[in-house]
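Visitor: Sequence plus predicted model, see below.
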Amino acid sequence: RRIAILISGRGSNMVSLIEAARGADFPGEIALVLSNRPDAGGLERARAAGIEALAIDHKAYSTRESFEQALDAALRERAIDFICLAGFMRVLTSWFVGRWEGRMINIHPSLLPLFRGTHTHRRALEEGVLVHGCTVHFVVPELDAGPIVAQAAVPVVPGDTEDSLAVRVLAQEHLLYPQALRMICEGRARLDGGRVVFAEGW
Ligand code: GRF
């Protein structure tokens with residue numbers, strides 16, 4: 001399995017995937033990191049890890065479609081099988097999502113279906129939930145609405161701020177995302193008819 005990671009920022013989840021995939025028994029290889037922002041800190045971190053890292057600047061394209069065509073071409077040229085979105089901050093059209101159906105996952109910093117979209121930690125604190133967390137899901141055209149592959153929960157504790165909660169959730173993201181990717185690469189979780197089918201006995 002040749003895996004691409006799509007980022008827009010610092011890429012801490014990307015690093016956790018790269019590190020996990022270095023393990024000799026990992027059933028896939030991180031073959032490419034792509035960013036829509038040339039200044040994303042994650043690009044340098046990927047290169048330092050010896051992985052091809054490419055910026056495809058969405059601002060250089062006049063339409064969302066032409067940007068996505070460039071993205072798609074870069075992925076296909078490198079025979080990528082599977083995409084992990086990791087802090088990738090561009091909304092993808094149903095054309096792109098359809099082309100990668102069942103072969104693209106995302107990590108979202110909330111227990112979906114709660115708190116789709118941005119500012120999830122602030123909204124969790126505002127709502128007063130006492131359990132929060134993160135979710136890995138297959139990507140569908142509707143934002144943060146895809147079938148769930150894996151989740152991890154953390155407590156919300158008295159005195160929490162947006163930042164302290166983000167740190168606690170992020171630590172779980174870094175554990176959860178590699179686990180979820182492994183499950184999918186090993187065929188223990190797959191998308192079938194719009195639902196995730198889990199293999200028995202795992
Ligand atoms: C993470 O919180 C992830 O869940 C969200 O964006 C953030 C990206 O952080 N989608 P990083 O770039 O992986 O450090």
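Guide: Cool, the structure landed. Numbers count the residues shown, from 1 in each chain.
Visitor: From now on I want contacts and neighbour counts done on CA atoms only, so please keep to that.
Guide: Fine.
Visitor: tell me which strands and helices the helix or strand where residue 152 lies is in contact with?
Guide: For residue 152, the host element (DSSP states H and E) is strand 148-155. Applying 3 or more CA pairs under 8 Å, 6 or more residues apart in numbering; DSSP states H and E, one finds that strand 148-155 contacts strand 131-138, helix 162-185.
Visitor: Show me which parts of the last one are buried, residue by residue.
Guide: Yep, that's helix 162-185 we're talking about. Residues of helix 162-185 classed as buried: 165-166, 168-170, 172-174, 176-185 (neighbour count, 16 or more other CA atoms under 10 Å).
Visitor: ok, and what's touching that helix?
Guide: 1, 12-13, 16-17, 20-21, 26-28, 107, 109, 121-122, 125, 132-136, 149-154, 156, 189-190 (CA atoms under 8 Å, 6 or more residues apart in numbering).
Visitor: let's see 6 Å
Guide: With contacts defined as CA atoms under 6 Å, 6 or more residues apart in numbering, helix 162-185 is touched by 13, 16-17, 27, 121-122, 133, 189.
Visitor: ok, residue 142 to the ligand distance?
Guide: From residue 142 across to the ligand, the span is 15 Å (CA to the nearest ligand atom, to the nearest Å).
Visitor: show me what contacts that residue?
Guide: By CA under 6 Å, 6+ apart, residue 142 has no neighbours at all.
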